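K.L.:
Got a predicted structure plus its sequence, pasted below:
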Amino acid sequence: MRYKEKLIEFLMMACSFISVLTTLAIIIILAVDSFQFFEEVSIKEFLTSKQWTPLFSEKHFGILPLLMGTLLTTTIAIAVAVPLGLTIAIYLNEYASPRFTAYVKPILETLAAIPTVVYGFFALQFVTPLLQQFIPGLGGFNALSPGLVMGIMIIPYITSLSEDALRAVPSSLREASYGMGATKFQTAFRVMVPAASSGIIVSIILAISRALGETMIVAIAAGQEPKFTFNPKESVETITTYIVQVSMGDVPQDSLEYRTIFAAGMTLFLFTFLLNNISFWMRKRFTIRYQ
Amino acid sequence: MKNLIRKIKFIDKTFQYLAMAATFFVLIVLCVLIWNIFSNGLLRINGSFFTNLPSRHAERAGIMTALAGMGSLLVITIVIALPIGVLSGVYLEEYGKKNKFASFIEINIANLAGVPSVIYGILGLQLFVRMAKMGNSLLAGALTLSLLIMPIIIVATREAIKAVPDSLREASYGMGATKWQTTSRITIPSALGGILTGIILAVSRAIGETAPLLVIGALVYVPFVPEGPNDQFTTLPIQIFNWTTRPQEAFIINAAAGIVVLLLITFLLNGIAIYIRNKWYKKMRY
Amino acid sequence: MYKLEAKNANLFYGDKQALKNINIGIKPNSVTAFIGPSGCGKSTLLRCFNRMNDLIENARVEGDFLMDEINIYKDINTYELRKRIGMVFQKPNPFPKTIFENVSYGLRINGMKDKKMIEERVVESLKQSALWNEVEGSLHKSALSLSGGQQQRICIARALATEPTVLLMDEPASALDPISTAKIEDLIYTLKNKFTIVIVTHNMQQAARISDKTAFFYLGELIEFEKTKKMFTNPEEEKTQNYITGRFG
């Protein structure tokens, strides 16, 4: 019997070890082909060249245009999601009736359940034509529209995590503030938000990480032109879109062009890895504080 | 003094209305999205839309191969990811809670949950499609999606196991049960509602995934229903992506119709998950 | 001869000593009450007899614990021991399963497969725990649908099903209303004929009502162990006197 118990425990441990292997596999696979990539392309060119044209006859391998595209759409998304998401979290937690919150929260969460290809369709077929009526010179593919839609998509990430953080603040703090004659607004912004700040920051970091890695919305609605621009009216290409574009094409394996997706993937992975670890570390710290 | 109070009150009220407006704005966007898609796509849906193969003629194109591919893909994914994910979650919460190995894995899983799905695509492309020589087959797709949804299942399992009161474990140990007897007969069954909710949400996530499948080379045009795990395949989101990027209006309507089907499946799964979760929470309250 | 015995027993939680040199012998077919202020070690000692303290990460036990002169920590495996010593907990903790599944749980994990035998044991245990009349027709209903007092008696039936000889009860009535408490106390009184019962209680009237002998603990030490009647009328120790007259605790 003891033998069987040990065997099962070992089996379960092996299962959880698969997650470690997955991480290792991701890092090794990205690193090996990136390494081969950098044998042919200098890191200096990769980091400083303002052109990314691996699929053209005159090849340039500067990641900056893809990085700009990624940062541009992410910035727009965050500019939408953070103020809206936080305001909603504060509203639901400090102002709205519990009944209202109970109805609205699940509806907001469906935003996170909708597949991203649907958002891509919405951005391309609805939001872009709508924006074109107000913004002259807005292209059919542009960074603005997918950025905005992505912002809507990540609102629930910010709202639900921030709301958890706000709810974790002991209500005695809120009562103390009311007791001194503060309004709800003053209580929310001078007491509750500062007390919940680490949780709110975690939610924002995770939302940024989510936006950086988002693929389908930008692949559908932002175009596939790597441009070194921060103009939201123009079409851009993100790192994620480029990876999809290459893997859908007929690029021969073991070619330099093929390896570009690993170098691009490595760049993206490093960004999200860093953000995820920061948020993990912060979350660990603030949950301990409230226990 | 009076002015100051008036000003403070004014700010308070203004924020309240702004915040309410923000909340309704987001809800309205959601409504517009759903209305936009349903008004474009709903009328396109008929019996043959489900039974037709993809076609160059929009009005004859259907989603049969996409649905069949998606169904097979999900079945294989669940068969792979479910036992591994649940057992990992149980191990981390019930067995290795305090050792270093477990806390190392915890950071690992938190990280994996945040890796962009397109990176999983690269992993699948290199590991399964090329190194394991599976090609762009259903199996390669399912293995890739399994790795992608595993963290979701693990986290959900842990949460559910954590919610089982210690008194139940004590009762079982007190009767002379071993650790595995207690885990398999008491803890896991008591946590089943929560675990199931997590699995359904993970499946719902897998249904919507497009990017990693595109990266591993899932085809956008598959005129046949896959018959085995080594066959090539397409899925509904990929079919939608393909139609969305066509210039012709008729294909856009096809895309909208495909989205209607995809959304209905997603909402149905999420509804079931919420229903099970609520029922389970009630049962778990002692 | 003692049914249960502790010799020079010490228990540590990390650096903190929770039991200090305990020596106690419990006679078969008797009810022994452990009393004392919370944190005095009474529950800790109870849990030493079926090694439930093993589940606590940093708990360390010294000394000898015997059941029928067998060393509990050396000569018998934990699972076997716990089958022979039933335990009932402070809060009713039936499994979220049917009444039948709850009571038959101990038999099933012992590998009993014979359906008829299982059924017989379940019925007998429910009769022993004075619950049979109340649940006869609803064995396949969820145990959670019962009242708190019934749930606790399900837990007693569950503990009796594996035919233990000792029953450890850790404040079994503290979460129950007075009527349910009275039923549990009656039950304890009848069970005494077949079992050796040790009960931890914070209710001194309860100890006085149901136990043959009472042990008073204070700060991890066994202060006094006497016939209940003597303990409550004429205790040897001043600390015991102070506690039972309500001067502290």
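P.N.:
Good, I have the coordinates.

K.L.:
Can you name the residues of the stretch 101-250 of chain A sitting close to chain B?
P.N.:
Within reach of chain B by Cβ under 8 Å from any Cβ of the partner chain, the stretch 101-250 of chain A has these residues: A:104, A:106-108, A:110-111, A:113-122, A:124-126, A:152, A:155, A:183-186, A:206, A:209-210, A:212-216, A:219-220, A:240, A:243-244, A:247-248. Every residue, glycine included, has its C-beta placed from N, CA and C.

K.L.:
ok, which stretches of the stretch 151-286 of chain B are helices?
P.N.:
For the stretch 151-286 of chain B, helices defined by DSSP state H, counting those that start in this stretch occupy the ranges B:166-174, B:179-182, B:188-208, B:211-215, B:236-244, B:249-284.

K.L.:
and these, which is most packed in?
P.N.:
Of all the helices of the stretch 151-286 of chain B, helix B:211-215 carries the top mean neighbour count, a mean of 28, counting by mean count of other Cβ atoms under 10 Å in any protein chain shown.

K.L.:
and it, does that touch chain A?
P.N.:
Yes - Helix B:211-215 is in contact with chain A by Cβ under 8 Å from any Cβ, via B:211, B:214-215.

K.L.:
any weak-confidence spans in chain A?
P.N.:
A:1, A:286-291 (pLDDT under 70).

K.L.:
the domain parsing of it - what is it?
P.N.:
Domain assignment for chain A by automatic domain parsing gives A:2-39, A:47-289.

K.L.:
Tabulate these (TSV), appending distance to C:S30.
P.N.:
Shown next, in TSV, are the domains of chain A (distance: least, Cβ to Cβ, whole Å):
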stretch	distance to C:S30
domain A:2-39	35
domain A:47-289	48
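
K.L.:
of all these, which lies closest to chain C?
P.N.:
domain A:2-39 (8.6 Å; Cβ to the nearest Cβ).

K.L.:
re earlier: among the residues of the stretch 101-250 of chain A next to chain B, which ones are in strands?
P.N.:
The members of those all map outside strands under DSSP state E.

K.L.:
Of those, select the buried ones using a PyMOL command.
P.N.:
Buried residues within those, by 16 or more other Cβ atoms under 10 Å in any protein chain shown, are selected in PyMOL with:
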select buried, chain A and resi 104+108+110+111+113+114+115+116+117+118+119+120+121+122+124+125+126+152+155+183+184+185+186+206+209+210+212+213+214+215+216+219+220+240+243+244+247+248
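
K.L.:
Output the below-cut-off pLDDT ranges for chain B.
P.N.:
B:1, B:97-98, B:284-286.

K.L.:
Could you pull up the residues touching the spatially most central residue of it?
P.N.:
Residue closest to the average C-alpha location in chain B (Cα atoms, centre = their mean): B:R205, at 1.5 Å. With contact taken as Cβ atoms under 8 Å, 6 or more residues apart in numbering or on different chains, B:R205 is in contact with B:148-149, B:152.

K.L.:
can you narrow the residues of the stretch 101-250 of chain A next to chain B to ones near chain C?
P.N.:
Of those, not one also sits near chain C (Cβ under 8 Å from any Cβ).

K.L.:
tell me which residues of stretch A:33-52 are tucked away?
P.N.:
Under the neighbour-count criterion of 16+ other Cβ under 10 Å, stretch A:33-52 has A:33-34, A:37-38, A:41, A:46, A:49, A:51-52 buried.

K.L.:
For the helix or strand hosting A:M282, enumerate the helices and strands it packs against.
P.N.:
Taking DSSP states H and E as the criterion, A:M282 maps to helix A:256-290. If contacts are counted by 3 or more Cβ pairs under 8 Å, 6 or more residues apart in numbering or on different chains; DSSP states H and E, helix A:256-290 sits against helix A:2-40, helix A:64-90, helix A:197-213, helix A:239-248, helix B:100-114, helix B:117-124.

K.L.:
send the alpha carbons of stretch A:139-157 over as CSV?
P.N.:
Listed next in CSV are the C-alpha coordinates belonging to stretch A:139-157 (Å, rounded to 0.1, in the frame of the first residue of the first chain):
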residue,chain,number,x,y,z
GLY,A,139,-6.4,54.2,-43.4
GLY,A,140,-8.4,51.0,-43.8
PHE,A,141,-5.7,49.4,-41.7
ASN,A,142,-4.5,51.5,-38.8
ALA,A,143,-3.1,51.2,-35.3
LEU,A,144,-5.9,53.2,-33.7
SER,A,145,-8.9,51.0,-34.2
PRO,A,146,-7.4,47.7,-33.1
GLY,A,147,-5.8,49.5,-30.2
LEU,A,148,-9.1,50.9,-29.0
VAL,A,149,-10.8,47.5,-29.4
MET,A,150,-8.0,45.8,-27.5
GLY,A,151,-8.5,48.3,-24.8
ILE,A,152,-12.1,47.3,-24.4
MET,A,153,-11.1,43.6,-24.4
ILE,A,154,-8.7,44.0,-21.5
ILE,A,155,-11.0,46.1,-19.3
PRO,A,156,-12.2,43.1,-17.4
TYR,A,157,-8.6,42.1,-16.5
